[in-house]
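Visitor: prediction below, plus the sequence it came from.
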Amino acid sequence: MTDRARHFTTCPLCEATCGLEIQHDSGAIKRISGDDDDAFSRGFICPKAASLQQLHADPDRLRAPLVREPGGEFREVSWPEAFASVEERLRPSLAGDPNAAAIYLGNPNVHSVAGVLFPRRVVRALGTRNLFTASTIDQMPKHVACGLMYGDPEALSVPDLERTDYLLMLGANPWESNGSLCTAPDFPGRIRDLLARGGRFIVVDPRRTRTAEHASEHIRIRPGTDVYLLLGIAHVVFRDGLVRLGRLASILAGVDAASELVAPFTPPVVSRMTGIDSGVVERLARELAAQERGVVYGRIGTHTVSFGTLAAWAVDLLNAITGHLDTPGGAMWAFPAHLARPGEKRTEKARRGFTTGRWRSRVKGHPEVLGEFPVATLADEIETPGPGQVRVLVTIAGNPVLSAPDSARLDRVLEGLSFMVSVDPYLNETTRHAHVILPPPSPLTRSHYDLALSRLAVRNRVKWSPSLLEPTGPSEAEILVRLALIAGGQGAGADPSVVYEQTEEHLIASAITNNPRVASKTPGDIAASLEATDPLDRFVEIMVRAGAYGDAFGAVPDGLTFTRLRDSPHGIDLGPLQPALPGMLKTASGMVELVPEPIREDMSRLTKALEASEDLPEFVLIGRRDLRSNNSWMHNIPLLIKGKPRCTLQIHPEDASQLSLQNGQVVRIQSRVGELLAPAEVTDKIMRGVVSLPHGYGHDRPGTRQRVATANAGVNVNLLTDAKAIDPLSGNAVLNGIPVTLAPA
Ligand SMILES: Nc1nc2c(c(=O)[nH]1)N[C@H]1C(S)=C(S)[C@@H](COP(=O)(O)OP(=O)(O)OC[C@H]3O[C@@H](n4cnc5c(=O)[nH]c(N)nc54)[C@H](O)[C@@H]3O)O[C@H]1N2
Ligand SMILES: Nc1nc2c(c(=O)[nH]1)N[C@H]1C(S)=C(S)[C@@H](COP(=O)(O)OP(=O)(O)OC[C@H]3O[C@@H](n4cnc5c(=O)[nH]c(N)nc54)[C@H](O)[C@@H]3O)O[C@H]1N2
Ligand code: SF4
Ligand SMILES: [Mo]
């Protein structure tokens, strides 16, 4: 028996944030397992966790920067050479126009402190308005809905899974995805607990997913129509006098207006649009309203559709009118340790509410939302000539060539850029277009704290973990800071520590202004009292000590300190979710706006769709996820990709027989924008008229360096999704419910 050391950390791969125990021999990883003592995840992990070891060891993972030669070949270079080459080309290619640069930030950024803090710094240094992120192919509708209702686009409510007795879930498949906008390690276990205490779990999905198989009831819905179901339920709640406002009665604005707005959505109308029996709509309304502790929760299938924001809004509306908002067992808000408790900030930003469209995109005139334009319009900005045309692209942790709609066009236009730089550990479908690739080291080389996901947790908790390994090159933080310095004109030789110092000063200043218990401290006192040494750990320390449970740098005797974080390798439980209203509200009225004006306006689009509903397409395409995948970027891990090919077109047996399609036979799938071939998987799990293909595949592009993925290429579903189809309020792409035609190939 060798004496292995045990290292505890958090898995950075998905939103569940499971605690890991890594057994190692002086850094050589021997085993990765769930941390049984983690206060939140209690030992749960999924198969992806163990693959961190393979990810770390992956020979295709870039260890050194690459520069693309004029001939197209990539050459490994030293870090100084790589940064020099960015300096040489980035700013000159802009020719003085900051908006000639665009930046795309991908999903993995939310999983690291560096990825949350520093990409914004690069954006500011570039000075461009052309900011694009994975949010507009994902959850932007929820930000907009919450922004409009609560005044704060980051105030996303989560279902209180641990205390609810009734969960109505739409468009989510946590048995595969492990949950989203709802950080709950072992989501399935938490649902099993709900069922064990006699609760009901209802899943609305066009597919009988693994999640649906565990539900008390599975309701099939026609893709893209969740909003009708939700408004139909609200209709019955109002019609039958089942409204219960409870404690929130005095701060809910627009109850009568909401009642009027949902009047057209009678159960028969809803039934016609969704394919769900009127009787089911009536019953769901009665059940939800009768619950002491019940909640409605919607995710990808509810958001990435053409009425995404309306549907996201309808979820919160329904929770509000049935007495399930901001109450145990309902939809609640987490209080992360690094933020002030809602309403406690001394100088709460003036309650200005939330607006979008402060500026517009050059080509299509899309309104900015949270300072971003829709990813769906990135190709327009690159391809369309004229002043302000995008000639330079920075991508950080993103693979839009596989993840964004109409990606054939994006793939094509990226080749026309004057300069592209990517911060990414792989030479993949997107980064093969870059002139310089700057690979961050493996996640095991960074300490961990969840700045983003702790806001979405179903239980308050805090955890900080040190890094396991030393990076051999610069950390991701340093890469991003250097990129920001180059973009800002300070050059490749500028000292990153200046940026760390500025960030620290800024965080200390905010601590003093925001927390009344810190107000009497001087910046010098605070800096001198810090225990952490690494700059990013110091940022976490400042935020946590000034945050909701912090020691306020000595003013609160039992408050959290960095020493306590360091001495709690399994995390610290901070208890169940607590009520946040009205303190959290940032609307101009100081109320929850149940019927914000932009929502009321967009409702007319919905009413119009009611009239146009007769000519339904023969087939619509939806997506899906698999437990062993992670969007586009973990198909290079043999452990995860092995087994039956998973990039198949699921189709109902009766639809298949009508098309004379056999299981395994190749189908030609055509949409307005493209076509592709995929093997049919005939299964009654999917409803008639709907077919499903997962995203993140299509690893057959030339010039990539992901050998395992290339051998298991699959096809890219986003060759079929339409960049013209977006939810207008959020700019989110429509990725579910794509009209397609099918034929045997
Ligand atoms: N049709 C369809 N399309 C979809 C979806 C869908 O359901 N259907 N889902 C959408 C959703 S929800 C999302 S979030 C997007 C994701 O869209 P993206 O974020 O664009 O794509 P990912 O596949 O997550 O790619 C992540 C990239 O980050 C790199 N990476 C991994 N770890 C790190 C790291 O630590 N640092 C850095 N710098 N880079 C890293 C990977 O190599 C990869 O290139 O896809 C969307 N696209
Ligand atoms: N294993 C794995 N885990 C992941 C990811 C991954 O790629 N793989 N990606 C991560 C990311 S970035 C995200 S955002 C989350 C997403 O997490 P989830 O929101 O749970 O996403 P999905 O698993 O795609 O589940 C969406 C479900 O919506 C259904 N659906 C499609 N259209 C409609 C519709 O119109 N109405 C309704 N009601 N349902 C519909 C689909 O059939 C599918 O079952 O997962 C994260 N976790
Ligand atoms: S569910 Fe899997 S991928 Fe997600 S955090 Fe847990 S172990 Fe990691
Ligand atoms: Mo996502």
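Guide: Yes, it's here. Ligands and ions are numbered 1, 2, ... in the order given.

Visitor: CA only for contacts and neighbour counts going forward, please
Guide: Will do.

Visitor: contacting residues for residue 488?
Guide: For residue 488, the contact set (CA atoms under 8 Å, 6 or more residues apart in numbering) comprises 125-126.

Visitor: need the residues of the stretch 251-400 of the chain near ligand 1, please.
Guide: By CA under 6 Å from any ligand atom, the residues of the stretch 251-400 of the chain that approach ligand 1 are 396-400.

Visitor: would JSON lines of the residues you listed with distance to residue 246 and secondary structure be doable?
Guide: JSON lines is the format used below for those (distance: CA to CA, whole Å; DSSP: H, G, I helix; E, B strand; the rest coil):
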{"residue": "396", "distance to residue 246": "45", "secondary structure": "strand"}
{"residue": "397", "distance to residue 246": "44", "secondary structure": "coil"}
{"residue": "398", "distance to residue 246": "44", "secondary structure": "coil"}
{"residue": "399", "distance to residue 246": "46", "secondary structure": "coil"}
{"residue": "400", "distance to residue 246": "45", "secondary structure": "helix"}
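
Visitor: now, which of the residues you listed sits nearest ligand 3?
Guide: Closest approach to ligand 3 among these (CA to the nearest ligand atom): residue 397, at 16.7 Å.

Visitor: next one: the closest one from residue 297, what distance?
Guide: Distance, residue 397 to residue 297, using CA to CA, to the nearest Å: 28 Å.

Visitor: next one: residue 584
Guide: Computed as CA to CA, the residue 584 to residue 297 distance reads 20 Å.

Visitor: more neighbours: which of those two?
Guide: A count of neighbours by other CA atoms under 10 Å puts residue 297 above the other of residue 584 and residue 297, at 24 against 19.

Visitor: am I right that that one is in a strand?
Guide: Yes - counting by DSSP: H, G, I helix; E, B strand; the rest coil, residue 297 falls inside a strand.

Visitor: leaving out chain neighbours, which residue sits closest to it?
Guide: Spatial nearest neighbour of residue 297, excluding adjacent residues (CA to CA, 6 or more residues apart in numbering): residue 169 at 4.9 Å.

Visitor: list phi and psi for that neighbour.
Guide: Backbone geometry at residue 169, expressed as degrees, to the nearest 10, gives phi -110, psi 130.

Visitor: now swap in residue 219 and tell me
Guide: Dihedral pair for residue 219: phi -110, psi 120, per degrees, to the nearest 10.

Visitor: OK, contacts around the closest residue to it other than its chain neighbours?
Guide: Leaving aside its chain neighbours, residue 219 sits nearest to residue 204 (4.7 Å; criterion: CA to CA, 6+ apart). Residues in contact with residue 204 (CA under 8 Å, 6+ apart) are 168-171, 212, 218-221.

Visitor: let's see that with 10 Å instead.
Guide: If you count contacts by CA atoms under 10 Å, 6 or more residues apart in numbering, residue 204 has them with 168-173, 212, 215, 217-222, 226, 229, 276, 298, 301-302.

Visitor: so stretch 172-187, near ligand 2 or not?
Guide: Yes - applying CA under 6 Å from any ligand atom, one finds stretch 172-187 touching ligand 2 at 172-174, 176-180.

Visitor: which of those residues sit farthest apart?
Guide: Greatest spatial distance among those (CA to CA): 176 and 180, at 10.8 Å.

Visitor: count of neighbours near the residue in the stretch 201-350 of the chain that ligand 1 sits nearest to?
Guide: Here the stretch 201-350 of the chain gets closest to ligand 1 at one residue, residue 300, 6.7 Å apart by CA to the nearest ligand atom. The tally of other residues near residue 300 (other CA under 10 Å) stands at 21.

Visitor: find the nearest non-adjacent residue to it, please.
Guide: Take residue 300 and drop its neighbours on the chain: the residue closest to it by CA to CA, 6+ apart is residue 171, 5.6 Å away.

Visitor: per-residue pLDDT, the one you found?
Guide: For residue 171, the pLDDT comes out at 98.
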